[in-house]
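Colleague: using only what follows, build the 3D model:
(2 chains)
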Amino acid sequence: MSFKCLMVRFPIHLILLSLTAAWLVPTLGLFVTSFRSPQDIFGSGWWTVFANLFDLDQFTFTNYMQVIAKEGLGRSFFNSLSISVPATLLSTFMAAMAAFGFAWMRFAGRKILFLLLIGLMVVPLQMTFIPILPIYRWLGLSGTFPGIWLAHAGYGLPLSTYLLYTSISRVPPDLLDSAAIDGASPMRIFCSIVIPISFPALASVFIFQFLWIWNDFLVALIYLGAAPKVAPVTLTVANLVTNRGQNWELLTAAAFVSMALPLLVFLSLQRHFVRGVIAGAMKG
Amino acid sequence: MIHTQRWIVWLFVGPAVFLILFFLTYPTLMTIVRSFYGKGTQIFGSTATLVGLSNWKFVFTNPTMLAALRNNALWTIVFTICTVTCGLLLAVLLDRVRYEKVVKSIIFIPAAISMVGAAVIWKFVYAYRPVDLPQIGVVNALMVACGKEPVGWLIERPWINNLALIVVGIWIWTGFCMVIFSAAYKSIPEDIIEAARTDGANEWQIFGKITLPLMTPTIAVVTTTMIVQVLKIFDIVFVMTHGAYDTEVIASRMYKEMFSFYNYGRASAIAVVLLFLIAPVMIFNIRRFTRQEEKCA
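Modeller: Numbers count the residues shown, from 1 in each chain, chains lettered A, B, ... in the order given. Okay, here's the model as predicted:
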């Protein structure tokens, strides 16, 4: 590599590496701090651990044990799972059914309903809380898992249906026609042709819904509340920030627990994940 | 096309249509109506009386509301410009280096975690302690190392703290912009750029005259997505400052009217403001879809 080339390339590397550092340092700080004792956290900056990184005595799991057992984060982790898994399954399944109906069946109001769905994709959720909340109280759904499953399913449907529509409407028509001629029922066609063929799209939609619901704070705040029995990790962490604002050993460990699952999904399913996140960004 | 009885059609689309009507259409209309009624938590009960435009007057004259609108405007401008520019810059520069994949993953990770998690991460980055104590937040440690006083990043109103919050948003969303731009950039045919290079164009000319025009549709989509996201910004502000020290935004203001003051009338009016701001995007989406359908048909 010539000297001139190096001079041109150097600024590019410098910009990229400093941006990378700026993106990495905040999370690294959280991660390191979550393993330090409160005395250490307040005694010196977290970056000082790198001076003697292999002195393992300076690290501790106490913070994690405390947030999981005493601060109710363990419970919240299971609440988050009990919220996101059923809600995601429910909404992805309903969206796939509807997408199939919109793509391959003709019925009165099809066009107008689909345009409505597209328009509603970006509606701010704030528009919906006030009228729904009294109905939820009246039906006894506020503060319950079924209540939040339905809410997340409803809020996620416009985008999931639209995304699945774009892939399900591309299933080769001949395939469906020949199945219909062979006497397969619509349900049969849906389950044994449409679902397997559009599996990659279903996976992306599933991941985006799951992450969206796992990371959701607002919908849970409105419909569930922070009662330990039902609160998901996001609500519990936000409460810790309010009540234990200076206990960095707890806050950092708690935040890391709440991020662990999304990070795991990210590292293991990166390709689907990227598609899922991109899809999810369009949501209202 | 599948021909079947009507009840089977509704078996497929019915549940989704019902939930969408119940969770989105009905409440959207009802919130608009409710914004003309007074305080209280009834939708149309005895205590909710018709008050005409007074909630609307509140939204556009009350000082806290005006601060929230101003902050939202600041968020929209700074956040959108920074995420789109940084995303574009990263996409173009990363294409030229060998460690593209690693850096992309690192920049994209914040998109995976919750805004609550990001808020905790950054609250720690901004942590403030008096000058005689050891600094534990990275930013203030750097300040002190440069011989300056530590700054209360989340307290100094009205610009420093709002910008400090906006940085958190940028940190979360730049990866998203980068990934989309990168895909668009890589789909530009190599021979166009090669041809320009043979004709003697320098890298800046290629970027300005070829790359940028070809990426304009993508830039438009990413920009609108960022605007939709930033208008509804809530979690970051709510967790990091609770809207204190003049950091209130539209969505956090609405939450307070709902749950602290039990004034559903004002809260509704605030929500409708958000709807109006996002309405152009809704219309844009619908029109784009109708055009697509016409092309296919």
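
Colleague: going by C-alpha atoms from here, please, whenever you check contacts or count neighbours.
Modeller: OK.

Colleague: pLDDT below threshold where in chain A?
Modeller: Scanning chain A for pLDDT under 70 picks out A:1-6, A:273, A:276-284.

Colleague: before we move on, which element is the most centrally placed residue in it in?
Modeller: Centroid-nearest residue in chain A: residue A:211, 1.4 Å away (criterion: C-alpha atoms, centre = their mean). Per DSSP states H and E: residue A:211 is located in helix A:199-215.

Colleague: residues in contact with that helix?
Modeller: Here helix A:199-215 makes contact (C-alpha atoms under 8 Å, 6 or more residues apart in numbering or on different chains) with A:80-81, A:83-85, A:87-89, A:92, A:96, A:152, A:156, A:160, A:163-164, A:167, A:195, A:234, A:262, A:272-273, A:275-277, A:279-280, B:112-116.

Colleague: and the gap between residue B:57 and residue A:63?
Modeller: Going from residue B:57 to residue A:63 by C-alpha to C-alpha, to the nearest Å gives 49 Å.

Colleague: ok, these two, which is more surrounded?
Modeller: Ranked by neighbour count (other C-alpha atoms under 10 Å in any protein chain shown), residue B:57 and residue A:63 place residue A:63 first, with 22 against 12.

Colleague: residue A:34 versus the more buried one, what's the distance?
Modeller: Residue A:63 sits 7 Å away from residue A:34, going by C-alpha to C-alpha.

Colleague: list residues touching both of these two?
Modeller: Among the neighbours of residue A:63, those also in contact with residue A:34 (C-alpha under 8 Å, 6+ apart) are A:249, A:250, A:253.

Colleague: filter the residues you listed down to the ones in helices?
Modeller: Under the assignment DSSP state H, the shared contacts of residue A:63 and residue A:34 contribute A:249, A:250, A:253 to helices.

Colleague: may I have the secondary structure class of the closest residue to chain B within the stretch 51-200 of chain A?
Modeller: Among the residues of the stretch 51-200 of chain A, residue A:98 lies closest to chain B, at 4.1 Å counting by C-alpha to the nearest C-alpha. Of the three states, residue A:98 takes helix according to DSSP: H, G, I helix; E, B strand; the rest coil.

Colleague: contact partners for it?
Modeller: A:161, B:12, B:13, B:14, B:15, B:16, B:17.

Colleague: what number of residues lie near residue B:2?
Modeller: The burial count for residue B:2: 17, using other C-alpha under 10 Å.

Colleague: please apply the same query to the one 4 residues further on.
Modeller: For residue B:6, the neighbour count with other C-alpha under 10 Å is 12.

Colleague: check the secondary structure at the closest residue to it other than its chain neighbours for me.
Modeller: Spatial nearest neighbour of residue B:6, chain neighbours left out: residue A:107 (7.6 Å); criterion: C-alpha to C-alpha, 6 or more residues apart in numbering or on different chains. Taking three-state DSSP as the rule, one finds residue A:107 in the coil state.

Colleague: how near is residue A:107 to residue A:94?
Modeller: Using C-alpha to C-alpha, residue A:107 is found at 18 Å from residue A:94.

Colleague: those two: which is more packed in?
Modeller: The residue with more neighbours, out of residue A:107 and residue A:94, is residue A:94; 24 against 13, by other C-alpha under 10 Å.

Colleague: skipping its backbone neighbours, what lies nearest the more buried one in space?
Modeller: Distances taken as C-alpha to C-alpha, 6+ apart place residue B:16 nearest to residue A:94, at 5.8 Å, with adjacent residues excluded.

Colleague: what residues does the helix or strand where that neighbour lies touch?
Modeller: Here residue B:16 sits within helix B:6-20, counting by DSSP H and E. Defining contact as C-alpha under 8 Å, 6+ apart, one finds that helix B:6-20 is touched by A:94-95, A:97-102, A:105, A:107, A:113, A:117, A:150, A:153-155, A:157-158, A:186.

Colleague: related to what we said a few turns ago, next SSE downstream of the helix holding residue A:211?
Modeller: Using DSSP H and E, the first helix or strand after helix A:199-215 is helix A:218-223.

Colleague: can you give me the buried ones in that following helix?
Modeller: Under the neighbour-count criterion of 16 or more other C-alpha atoms under 10 Å in any protein chain shown, helix A:218-223 has A:218, A:219, A:220, A:222, A:223 buried.

Colleague: does chain A sit close to stretch B:102-115?
Modeller: Yes - counting by C-alpha under 8 Å from any C-alpha of the partner chain, chain A has neighbours in stretch B:102-115: B:103, B:106, B:107, B:109, B:111, B:112, B:113, B:114, B:115.

Colleague: gap between the fifth one and residue A:139?
Modeller: The spacing between residue B:111 and residue A:139, counted by C-alpha to C-alpha, is 35 Å.

Colleague: when those two are compared, which one has more neighbours?
Modeller: residue B:111 (23 against 10).

Colleague: tell me the contacts of the nearest residue to that one once chain neighbours are set aside?
Modeller: Leaving out its chain neighbours, the residue that sits closest to residue B:111 by C-alpha to C-alpha, 6+ apart is residue B:172, at 5.4 Å. By C-alpha under 8 Å, 6+ apart, the contact set of residue B:172 is B:108, B:110, B:111, B:115, B:118.

Colleague: which of those fall in helices?
Modeller: Judged by DSSP H, the contacts of residue B:172 include B:108, B:115, B:118 as members of helices.

Colleague: most neighbours among those residues, which one?
Modeller: For these, the largest number of neighbours (other C-alpha under 10 Å) sits with residue B:118, at 26 neighbours.

Colleague: hang on, that residue packs against residue B:112?
Modeller: No - the pair residue B:118 / residue B:112 is not scored as a contact, 10.0 Å apart, by C-alpha atoms under 8 Å.

Colleague: residue B:140 touches residue B:150, doesn't it?
Modeller: Yes - using C-alpha under 8 Å, residue B:140 is in contact with residue B:150, at 5.1 Å.
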